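In: what would the 3D arrangement of this be:
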Amino acid sequence: MTKRKFPFHPILLGYWMIVSCLYYLYVSITITTQNISLHSLLLANPLFTLGVLLTSIMMLQTGSLHYIARLSQSKNGLLGRYLFVLLFQQIMTGNLIGAGLVFFYRNQLENHSENPTSLEKGVVYVSCTICISLTLLILLILNRI
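Out: Model prediction:
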């Protein structure tokens, strides 16, 4: 009897993509109804700017997670490390649904050894650094508002 795994990977990717697309649609509708440019909207309302930054991080995380999941499927490997950073990042931004999906996705991974190349490690660590740096920038901006 084999244990079936819940498909957290596509659900997490879909969640981030849908949330991002819905926010960009909201921004587009706001620009259209108020008849202003995106630049003016972002300068006038810093919360829109924070929303654009957060959804941009989600898009980056979606692409990175898709790439890393093709390279690794281990809790101790690159995917497990990346998901650990994402869990921390999702909690910092208050995205509890995303944090829950990341947590359960990471917990269902199995432990086995991997031998990633230095390029693969570099991609993961650069992606982690960018996500955490942008998140800290968002929290700094939010603290200043």
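In: where does the prediction get shaky in the chain?
Out: Within the chain, the ranges that satisfy pLDDT under 70 run 1-4.
In: how about the helices in it?
Out: Secondary structure of the chain (DSSP state H): helices at 8-34, 38-44, 46-71, 78-93, 96-108, 118-144.
In: quick one: the fourth one to helix 8-34, angle?
Out: Orientation of helix 78-93 against helix 8-34 (axes from the mean of the first three to the mean of the last three C-alpha atoms, to 10 degrees) gives an angle of 40 degrees.
In: what's helix 78-93 packed up against?
Out: helix 46-71, helix 96-108, helix 118-144 (3 or more C-beta pairs under 8 Å, 6 or more residues apart in numbering; DSSP states H and E). Where C-beta positions appear, they are placed from N, C-alpha and C, glycine not excepted.
In: run through who's touching that helix.
Out: The contact list for helix 78-93 (C-beta atoms under 8 Å, 6 or more residues apart in numbering) reads 54, 57, 61, 64-65, 68-69, 71-74, 96, 98-99, 102-103, 105-106, 109, 114, 116, 120-121, 124, 127-128, 131-132, 135, 138-139.
In: please repeat the previous calculation with a cut-off of 6 Å.
Out: For helix 78-93, contacts defined as C-beta atoms under 6 Å, 6 or more residues apart in numbering pick out 68-69, 72, 74, 98-99, 102-103, 106, 109, 116, 124, 128, 131, 135.
In: stretch 6-22 now?
Out: Contacts for stretch 6-22 (C-beta under 6 Å, 6+ apart): 55, 58-59, 62, 69, 101, 104-105.
In: buried subset of these as a PyMOL selection?
Out: The buried residues among these can be selected in PyMOL (16 or more other C-beta atoms under 10 Å) with this line:
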select buried, resi 55+58+59+62+69+101+105
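In: got JSON lines for the contacts of stretch 6-22, with distance to residue 40 too?
Out: Below are the contacts of stretch 6-22 laid out as JSON lines (distance: C-beta to C-beta, whole Å):
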{"residue": "55", "distance to residue 40": "19"}
{"residue": "58", "distance to residue 40": "24"}
{"residue": "59", "distance to residue 40": "23"}
{"residue": "62", "distance to residue 40": "28"}
{"residue": "69", "distance to residue 40": "39"}
{"residue": "101", "distance to residue 40": "35"}
{"residue": "104", "distance to residue 40": "41"}
{"residue": "105", "distance to residue 40": "39"}
